[in-house]
Every structure is written in structure tokens, then in C-alpha cells.
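> Need the 3D shape of this:
(one chain, ligands or ions: 1)
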Amino acid sequence: MSEPAASSPKEIIPVRIAGTGSYLPERIMTNHDLEKSVDTSDEWITSRTGIRERRIAAEGEHTSHLAAKAAEKALEQAGIDAADVELIIVATITPDTLTPATACYVQQHIGSLRAVAFDVSAACSGFLYALELARHSVGSGAFKNALIIGAEKLSSFVDWTDRNTCVLFGDGAGAAVIVPSTNGDGRILSCQLGTDGAQAELLNIPGGGSACPVSIDAPSDKLAFLAMQGREVFKHAVNAMKKAAIDAISAAGLTAKDIKLLIPHQANLRIIDAIVERLEINRDDVFINLDKYGNTSAAAVAIALDEANRQGRIESGDKVLLVAFGAGLTWASAIIEW
Ligand code: UT7
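Below you'll find the predicted structure:
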């Protein structure tokens, strides 16, 4: 029997982010609003998480609608016509429907009728998983461009009577357009992904899938809501995000001092502080918006990247570190030279 040919990884050409966009629903729900419905306080939520308010999608406004609005802004900034988009990847754990993928609805909403479209389910790390898929898809020459979107309507999957979870999450979407890089206009330097399925039970939505189908007889079944062992997840989040950040920095041949801006997943200010301390990154060089939006899972890093971009926090040549962590457990990091 002949030996299999030694596999050599195919070269991929550098790619860059040509445009970003985000969309947050209009309705604001403050901590004080939540005080009226569950046994909590603004003081508890602010001191334990840093969250002050979150956005809630309107009735009839689905994940795909949020995603489409963010996508249109990213395409406009990139100067790319929706009709010319070749690949759409939506990262979400709150799809419009179990099937088809939310990306298919987005394709229709924005009119990217030639695009191949599918979803990625990697929870809060999903946008960076989509980034890595797009980097290879465009970098290999298989697609000329890719539209990646992190979008969530978590308000539909939160138990509004459970103070342990309902104060944490919000709705929103962020997007980026990936294109080949030409000399001197930025590129993605490294991307690191990780998964630990042994810890799947720590954070999940147990019902609604084949293991526990939705029952018409019990529409308010709590199994259809997001469940989390917060303290355990917290510990894993700090360790995994710290390691992912260090791995991305080292894979890019950099040190922490080279990082102009850290954009971490926006779950809890205490998690962010713990990571920043361990990475020895200046607190002023960390982008934080969780006070306004809470944890928007796959959308969080994408929204933060767009806000940092549009607020002028990132300039040409800056190295930006993105790092995320979520259900799975999953984690991911990337370094982008802007
Ligand atoms: O995005 C994916 C990744 N997700 C995360 O990274 C989230 C990670 N976890 C966390 O951020 C934190 O663990 C939480 C914010 C979820 C919870 O904070 P904590 O400091 O770990 O609180 P705890 O769960 O240990 O609860 C402390 C106390 C408990 O009361 P007892 O048992 O000490 O009497 C809770 O019942 O706080 C109570 N509590 C609340 N009190 C007022 C929990 N939620 C609330 C609330 N308001 N909303």
C-alpha cells in the first residue's frame, strides 16, 4: 500500500477588513426597568457585571433583520454592492428558524442573490470563527469577498423570570467585509480557535433541538431558555481568553506592547479586568461597550469592532487584538493589522 502524500498546507493570500457595520434595536431596557420585574437591583447588576442597559428587538424584528441592517452598513463602508457579495456567514445562537440558516434570510433581505450563505454556531466566539472561515475562503481564492455577521436576538431565549440570566443579555448585530489585501492596506495577522465540548453543560439552551424537541403542549417550557452556571463559566472565560490572547499575539510574532486596542467579548467587566491585568495591556487600550448593550453573544465583538472603527479608535497600521469566549465551550482570538 502506498504512503499517503505528505500534506502541505495550501498558501493563503493575506486578507483584510474593508468595512464594518453594526445595528442595535431602538428599545433600551435599563437595570431600573428590570428591578420592576425580577428581584434585582441596579447596584447588583452594575457592580457584578458593569452592565447598565441593553437593547431589545421589536416584535417582528428577527435576528436576520438585525444582521441585514449591520451588513448593509459594512458593505457601504467597504464600497461593495450587495449584489457582488460571494459569501455570507452569520454567526448566531438565536437563528430566525432552526432551518434554513439565518444567513439565507439575510441574503434575501440585502439582495446578495449570488452569495453562498450559511450559519456558524459557536456562541460568543462565533464572529471570530466566521472571520477565520472567511480568511481561508477569500485567502484561498475560492471567493472574492465575504460578509461575516454576528447577530443575536437573545431576548427571545432568555427566561425573563430568572434574575441569574435575564439581566445579562441583549440584542444586536455587527458585520465586517473581508477582501484580499493589497500591499500596505492592512491584513489579518493571526487567528486562533478552540473548543472544549466536555463543558457543554455549563452554558446551553437545552430544548428546541433533536435531544429535546419543542412541545406544543408546553410552549412555556423553561428548557427552551438559556441556562448558565455563571461562576464556573466565569473561571473558564478568564483562563481561556487569556490563553487565546497570548496565542494570537505570539502567532503574529508580536508582544502585548504592540497591541493598540484590545476588543474583548463583552460579557462581564470583571472578566475583562482580569484578562487585562494578566496580559499587561493598558486599561485605556481596551474597548468596552457592555454598559450600553450587555452581552450580545456572537454580536458583541463585531459591534465593538465597528464602534471602535467608527469612533476613530483604530488607525491605519494599528494592531487590534480581538478575543472571545462562549458556550461550547468555545474561544477564539485574532490580530488584525488595520
Ligand atoms: O458570554 C458567554 C460567557 N458568559 C460569561 O462569561 C458569564 C460569566 N459569569 C458571570 O459573569 C458571573 O458569574 C455572573 C454575572 C453571571 C454572576 O456573578 P457572580 O458574582 O458569579 O454571582 P453568583 O452567581 O455567585 O451569585 C451571587 C449571589 C447569589 O446569591 P447568594 O446565593 O449568594 O445568596 C445569587 O442568587 O447573587 C445573586 N444574584 C443576584 N442578585 C441580584 C444572581 N443574580 C442576581 C441578580 N440580582 N440579577
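> so who does the residue nearest to the spatial centre of the chain touch?
For the chain, the residue sitting closest to the mean C-alpha position, by Cα atoms, centre = their mean, is residue 298 at 2.7 Å. With contact set as Cβ atoms under 8 Å, 6 or more residues apart in numbering, residue 298 has these partners: 91-93, 122-127, 150-152, 326. Glycine gets a C-beta too; all of them are placed from N, C-alpha and C.
> Are any of the residues you listed buried, and if so which?
91-93, 122-127, 150-152, 326 (16 or more other Cβ atoms under 10 Å).
> Contacting the ligand as well, which ones from those residues?
The residues of those that also fall near the ligand, by Cβ under 6 Å from any ligand atom, are 124, 326.
> Go through the buried ones among the contacts of residue 298 and flag which are in strands.
91, 150-152, 326 (DSSP state E).
> Report the two of the residues you listed separated the most.
Distances among those were taken as Cβ to Cβ; the most separated pair is 151 and 326, at 14.3 Å.
> The stretch 1-150 of the chain: helices as residue ranges?
For the stretch 1-150 of the chain, applying DSSP state H, counting those that start in this stretch gives helices covering 31-35, 42-49, 63-78, 102-110, 126-139.
> With mean pLDDT as new columns, can the ones you listed be given to me in TSV?
Converted to TSV, these look like this (pLDDT from 0 to 100):
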stretch	mean pLDDT
helix 31-35	98
helix 42-49	98
helix 63-78	98
helix 102-110	98
helix 126-139	98
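> Tell me which of those sits nearest to residue 234.
helix 42-49 (10.2 Å).
> Stretch 277-284: which residues count as buried?
In stretch 277-284, counting by 16+ other Cβ under 10 Å, buried: 278-279, 281.
> Quickly name whichever of the residues you listed is closest to the ligand.
residue 278 (15.6 Å; Cβ to the nearest ligand atom).
> leaving aside the residues next to it on the chain, what's closest to residue 88?
residue 117 (4.1 Å; Cβ to Cβ, 6 or more residues apart in numbering).
> One more: residue 95?
That would be residue 102: by Cβ to Cβ, 6+ apart, it lies 4.4 Å from residue 95.
> so how far is the ligand from the one you found?
19 Å (Cβ to the nearest ligand atom, to the nearest Å).
> List the contacts of that residue.
Neighbouring residues of residue 102 by Cβ under 8 Å, 6+ apart: 63-64, 67, 90, 92, 95-96, 119, 151.
> that older thread, switch the helices of the stretch 1-150 of the chain over to JSON lines; also include distance to residue 257.
As requested, these are exported to JSON lines (distance: least, Cβ to Cβ, whole Å):
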{"stretch": "helix 31-35", "distance to residue 257": "37"}
{"stretch": "helix 42-49", "distance to residue 257": "30"}
{"stretch": "helix 63-78", "distance to residue 257": "30"}
{"stretch": "helix 102-110", "distance to residue 257": "38"}
{"stretch": "helix 126-139", "distance to residue 257": "23"}
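> closest one to residue 57 among those helices?
Comparing those by Cβ to Cβ, helix 63-78 comes nearest, at 6.4 Å.
> okay, now whatever residue of the stretch 101-250 of the chain ends up closest to the ligand: neighbour count?
At 2.9 Å from the ligand, residue 230 is the closest residue in the stretch 101-250 of the chain, using Cβ to the nearest ligand atom. Residue 230: 16 surrounding residues under other Cβ atoms under 10 Å.
> So what does it look like in phi/psi?
phi -50, psi -50 (degrees, to the nearest 10).
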